[in-house]
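Student: Okay, structure incoming, though there's no sequence with it:
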Ligand code: ZN
């Protein structure tokens with residue numbers, strides 16, 4: 001099982017970090033060891049002073065008749081050591097140290113079947129930090145939609161059953177501190193409630 005992540009897939013978020021909207025999807029990976037156990041806590045790594053929350057729609061992949069499809073959706077966190085990522089970007093180096101560290105990913109336990117959404121209905125999601133809404137968005141704001149992302153990723157690497165596709169974060173990313181509480185909502189329903197240790 002692998003975690004495939006998409007960067008800069010919401011234009012307002014690309015802008016807030018001073019990036020342009022890419023002319024093709026930005027793809028990176030996290031290993032399964034990045035996953036935080038269900039219920040948390042989030043543990044901030046010692047090598048960074050600026051770990052940001054990024055809430056994202058996460059789709060689980062299933063192969064059906066030889067094709068990879070997104071069959072279920074939930075929300076997750078792509079935690080990012082922003083200071084280290086800036087340094088790596090400036091040097092033109094890969095992002096893994098800033099993105100794929102132990103405890104850099106969370107995936108909520110409850111998934112919803114994609115086919116249960118009426119065609120054209122946007123999947124809304126939201127993150128609260130210490131009770132305040134800091135990020136909100138919906139699937140209709142993605143620069144590249146899920147079928148386009150799957151097709152693009154599969155030009156380079158095969159998707160397997162159970163792979164998890166993180167589809168990028170909307171604007172409003174920000175730093176985490178010890179004691180912070182993060183609540184993630186999908187379609188208005190609370191799916192995770194995590195504490196930063
Ligand atoms: Zn992200």
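Tutor: Perfect, I can see it now. On a predicted model such as this, the values are computed, not experimentally measured, just so you know.

Student: Please make it C-alpha for all contacts and neighbour counts, starting now.
Tutor: OK.

Student: you'd agree residue 106 is up against residue 77?
Tutor: Yes - counting by CA atoms under 8 Å, residue 106 does reach residue 77; the two are 4.9 Å apart.

Student: The lowest-mean-pLDDT helix or strand in the chain near the ion at all?
Tutor: For the chain, the helix or strand with the lowest mean confidence is helix 11-16, at a mean of 91 (criterion: mean pLDDT, DSSP states H and E). No - Helix 11-16 does not reach the ion (CA under 5 Å from the ion); its nearest approach is 9.7 Å.

Student: Can you list the helices and strands that that helix packs against?
Tutor: The criterion is 3 or more CA pairs under 8 Å, 6 or more residues apart in numbering; DSSP states H and E, and there are no helices or strands that helix 11-16 contacts.

Student: What residues sit buried inside it?
Tutor: Across helix 11-16, burial judged by 16 or more other CA atoms under 10 Å covers 11, 12, 13, 14.

Student: Would you check how far apart the last one and the ion are?
Tutor: When CA to the ion, to the nearest Å is applied, the distance between residue 14 and the ion equals 10 Å.

Student: from memory that residue sits against residue 21, does it?
Tutor: Yes - in this structure, residue 14 is within contact of residue 21 by CA under 8 Å, at 6.1 Å.
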